[in-house]
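Asker: Mind folding the following:
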Amino acid sequence: MSRINTNIASLIGSRILNNNTMELNKSLEKLSTGLRINRGSDDPAGLIASENLRKQIRGTDTAVKNAERAATITSTAEGALQEVSSMLLDVQSLLGEVANKGGMSSEEIDANQLQVDSIINSIDRIANATEFAGIKLLNGNLDYTTSGAVSGSGFAEVQINSAKLIDGATMTVNVEVTSGASAGHAVLSGSNLSDAMTIQIGSNRGTTELTFAASSTDASAIASAINAVKEITGVSATETSASASTFSLESIDFGSDAYVSVTVTSGQANNVGAMEFKQTAGGTIIGDNSEYKDLGHDVEATVNGASATGNGKKLTIRTAVLDAEIDLTNSAAENSGNVDFAITGGGSDFSLGADVTAIGLEPVGIKSVVASKLGNTTDGFLNTLKSGSTNSLKSTNLITAQNILSSAIKDITGLRGRLGNFQKNTLETTMNSLRITKENLAAAESAVRDTDFASETSKLTRSQILVQSATSVLAQANFSPQSVLSLLG
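Answerer: Numbering: from 1, shown residues only. Alright, predicted model coming up:
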């Protein structure tokens, strides 16, 4: 080489040394951080995939924590409900003792009533005191609020178990009755009911026999006798035509489990001059025309277009966005048509997904368990069993009190079962699934972003050798121009 101003060999050696040094530095950085991708230039597409996976991992971590917190909340509520359930069973024992009035003194009844009062006060205290992180759980704070779900609108009672109210929006619930509910029904008549006879009246509630003497029986007397025992049989009677000696029977309950049966056990049946069964739709005359039975029908309806399960006048709907139990009034349940109400708010939402979406949202409603909310609208509520109230132990309404207590126990056990189902079949399964998902996401993210140490150490060794080699070559390239000096003598 005879030129010294531009050392091409040195420039080439310098460039290669810089490249090898950069590769060496990258290897050192990857090995020191444990990451293959430290900046976007390392792998732009891989960085995008890795960040998306990291987002999912972080969301999954949060969802697991949310599920664990939800499980703690439901456990807290269920523990308090367990104590309420135990106290209601104590009331059952006290009520059963008082019903044995022939063997109970007035002082003993007063003592039992005192215990009932204390238990009801304790139930109210538990309902108002049970909380988690300052959130009241059993006082109705987590129950859903509705608008238009009143008796005059066709609804006897509405219980919303869960509803997905997206961003606080109101949910309109439309109930369309396609086939009305009915009770068991029978029509009996006879031009001359003066013959002595014994009939058996029954329904799903019970059965009893009534005996009528000769020359003392007419439709009015038969109807009155049947009504006198309707608390036992669950069947009421109405005289529809005195002149034609016709009367109708109807079960108190509605639905396929309800029925009316009439059996003439002695005396003539279904003959002119005795008792005659007027066959109705669904009714069946059995045997030798001495027995008649008619079954009721469950209401058939859709709720927001989805088919609901009918049981008597009650509808149950369970979809991804709505879980509700709806009791219709007689008029709404018996006739086809539409009735509406709105869910305006309330409930408790738990986010169990990696992202905040409607799919990952699990809503739960917890009704109030104060004594004034346990029971039913027909018989009354638990607070009416207190001293001085309509259904206290000193009243004559012990059967009504039993109905109220049974309904209250059903409310509590139903709520406990629903919370237990939510914890076991939603929260626990979700936590298991999320943990497995996190493992797979972490493995995928690691494959994209983490350093393969075996491969990277090989690259490091190669880069170290190349840097040393390039340094040596560059030194020789820088020394080569000095050979020109020999030309100067």
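Asker: all contacts plus neighbour counts: C-alpha atoms, from now on.
Answerer: Fine.
Asker: What is the least confident helix or strand in this protein?
Answerer: strand 283-286 (a mean of 52; mean pLDDT, DSSP states H and E).
Asker: Which SSE is immediately downstream of whichever helix in the chain runs longest?
Answerer: Criterion DSSP state H: the longest helix present in the chain is helix 44-99. Downstream of helix 44-99, the first helix or strand assigned by DSSP states H and E is helix 106-129.
Asker: what's downstream of that following helix, the next helix or strand?
Answerer: strand 131-132.
Asker: Partner strands of the helix or strand just after that next one, with direction?
Answerer: Once strand 131-132 ends, the next helix or strand along the chain (criterion: DSSP H and E) is strand 135-136. Partners of strand 135-136 in the sheet, by DSSP bridges, are strand 131-132 (antiparallel).
Asker: what separates the strand it pairs with from the chain centre, distance-wise?
Answerer: 20 Å (CA atoms, centre = their mean, to the nearest Å).
Asker: Which residues does that strand contact?
Answerer: The contact list for strand 131-132 (CA atoms under 8 Å, 6 or more residues apart in numbering) reads 73, 76-77, 137-138.
Asker: what do you get for stretch 47-62?
Answerer: 37, 39-40, 353-355, 434-435, 437-438, 441-442, 444-445, 448-449.
Asker: so how far is that stretch from its chain's centroid?
Answerer: Worked out by CA atoms, centre = their mean, stretch 47-62 lies 31 Å from the chain centre.
Asker: before we move on, what about stretch 450-460?
Answerer: Worked out by CA atoms, centre = their mean, stretch 450-460 lies 53 Å from the chain centre.
Asker: Which positions within it qualify as buried?
Answerer: Neighbour-count burial for stretch 450-460, with 16 or more other CA atoms under 10 Å as criterion, is recorded at 450-451, 453, 456-457, 459-460.
Asker: Filter these down to the ones in strands?
Answerer: Secondary structure defined by DSSP state E assigns none of those to strands.
Asker: Can I get these in CSV including distance to D340 and pLDDT?
Answerer: Below are these laid out as CSV (distance: CA to CA, whole Å; pLDDT from 0 to 100):
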residue, distance to D340, pLDDT
D450, 57, 82
T451, 61, 84
F453, 66, 84
E456, 68, 80
T457, 71, 88
K459, 72, 84
L460, 73, 81
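Asker: okay, now the domains of the protein?
Answerer: For the chain, the structural domains run 8-34+463-488, 35-140+369-450, 183-295, going by automatic domain parsing.
Asker: so what pLDDT did the residue nearest to A67 when sequence neighbours are not counted get?
Answerer: By the measure of CA to CA, 6 or more residues apart in numbering, the closest residue to A67 outside its immediate chain neighbours is L427, 5.6 Å from it. At L427, the pLDDT value in this model is 94.
Asker: Equivalent analysis for the one 3 residues further on, please.
Answerer: Here, the pLDDT recorded for T430 equals 93.
Asker: With L485 instead?
Answerer: So L485 comes in at 72 (pLDDT).
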